[in-house]
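Student: predicted model and sequence follow; I will ask about them next.
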Amino acid sequence: MSSVRWIVGIAFVALVIPSLGAQEKSTIKWKFEKEKTFYQKVVTKTVQKMKVTGTDINQEQNQTFFFSWTPVKQDGDNWELKQKIEGVILNIDIGGTKVQHDSTKESASTTPLSDFFKALVGTEFLVTINTKDMKVTKIAGREEFVKKLVNSNPQMQPLLDKILSEKTMVEMAEPTFGAIPNIEVTKGDKEKGTWKRTTSLDMGPIGKYDNSYTYTYEGQDEKKMDKISVKADLVYTKPVTSNAGGLPFKIDSANIKTASSNGLILFDAAKGRIDRSSMSLKITGDLTVDIGGQKTKIELEQTQETGVETMDVNPISVKAPTVTPSPAPAPAPKP
């Protein structure tokens, strides 16, 4: 009987060991090379449904930002990267009222909105990242950025000073790199296959957004890209201060939570960067705003879909090939 148990035990080990050895592992780590620029195209679609005193107000916003990132200098664990806004495309539809802007096309428009977005293009920041934990520690260029925006619309200065503080700029830049843990990960391992990240974005009079992300390594696809699934949980908190900060309203109360989320990151280990990613987030709830002392309750449902693509060539500078039309056939001879 003992010999039978021994044989069964050997057979079990023989089955288990190969399966353990077959666990997918990968080191997903950002790689920066001095002066080697890469580009990102970030596309966001936001659909917002609001009910205000029984009236439906729907808004759809499609925006595309083009960024370039150039590693400038390494100092130990810290890398300095120059970030430049290469272009902006914006399409907004608020209850049938449409607003459009496309910096990639020549336009003679001189509206306040067009001037505002023209000021964005060409803006540069110097972003310092600690590669140990992929946290953004410093951003230079914030003062020049705010000054350009204020010059295009001076009335926005009180609001911009509050929502575009240096701390806020750091918090906005961090998710670009923070999803990648810079460690070896193992598919199916609770400790080495899953990791978390939290971010907090304080927008002053607009409110505070606390985000909790859970990342899970899912192995590789057929193109040898590392797959990482993402779940997000957003918690919104109303502003602490009662000062509207230049806004025409104040947020009196809010109860907004995440209804669903689903995301996927494809990481190119060979190039050491995110190849592309997608994220879908739906939030629901209500908030009460104070406009001139009159409080109004708003029911809110918002869906946001974001896609990011990384490339070696500036997508704005890539032009479609010129197609030379074929000459028209000669008319048939008359009989």
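Tutor: On my side now, so go ahead. Numbers count the residues shown, from 1 in each chain.
Student: what segments of this protein are helices?
Tutor: For the chain, the helices defined by DSSP state H occupy 2-21, 112-120, 142-152, 157-163, 166-173, 175-178.
Student: now for the shortest one, which elements pack on it?
Tutor: Contact analysis of helix 175-178 by 3 or more CB pairs under 8 Å, 6 or more residues apart in numbering; DSSP states H and E lists strand 135-140, strand 194-202 as its packing neighbours. Yep, even glycine has a C-beta here, placed from its N, CA and C like the rest.
Student: dump those into a markdown table; add distance to Ile274 and mean neighbour count as well.
Tutor: Below are the helices and strands packed on helix 175-178 laid out as a markdown table (distance: least, CB to CB, whole Å; neighbours: other CB atoms under 10 Å):
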| stretch | distance to Ile274 | mean neighbour count |
| --- | --- | --- |
| strand 135-140 | 15 | 16 |
| strand 194-202 | 14 | 16 |
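Student: contacts for stretch 89-96, please.
Tutor: 57-64, 98-104, 117 (CB atoms under 8 Å, 6 or more residues apart in numbering).
Student: list buried residues within the residues you listed.
Tutor: Among the contacts of stretch 89-96, those classed as buried by 16 or more other CB atoms under 10 Å are 61-64, 101, 103, 117.
Student: now Tyr217. Nearest residue, chain neighbours left out?
Tutor: Val185 (4.2 Å; CB to CB, 6 or more residues apart in numbering).
Student: about what we covered before: right, and the helices and strands packed on helix 175-178 - which one's nearest Leu247?
Tutor: Taking CB to CB, strand 194-202 is the member of the helices and strands packed on helix 175-178 nearest to Leu247, at 15.2 Å.
Student: mind giving me the packing neighbours of the closest one?
Tutor: Under the contact definition 3+ CB pairs under 8 Å, 6+ apart, strand 194-202 sits against helix 166-173, helix 175-178, strand 208-220.
Student: out of the ones you listed, nearest to Ile129?
Tutor: Comparing those against Ile129 with CB to CB, the closest turns out to be helix 175-178 (5.9 Å).
Student: show me the shaky parts of the stretch 201-335 of the chain.
Tutor: By pLDDT under 70, the low-scoring segments of the stretch 201-335 of the chain are 241-246, 318-335.
Student: and the strands in it?
Tutor: 208-220, 226-237, 250-268, 273-291, 294-311 (DSSP state E, counting those that start in this stretch).
Student: I'd like the ones you listed laid out as CSV, including distance to Phe38.
Tutor: Shown next, in CSV, are the strands of the stretch 201-335 of the chain (distance: least, CB to CB, whole Å):
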stretch, distance to Phe38
strand 208-220, 21
strand 226-237, 17
strand 250-268, 11
strand 273-291, 6
strand 294-311, 6
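Student: do you know which of those strands lies nearest Asp133?
Tutor: Nearest of these to Asp133, taken as CB to CB: strand 208-220 at 14.1 Å.
Student: Gln59 pairs with what?
Tutor: In this entry, Gln59 is beta-bridged to Gln48, Ile94, by DSSP bridges.
Student: cool, and the one 5 residues further on?
Tutor: For Thr64, the residues forming beta bridges with it (DSSP bridges) are Val43, Ile89.
Student: alright, calling it a day.
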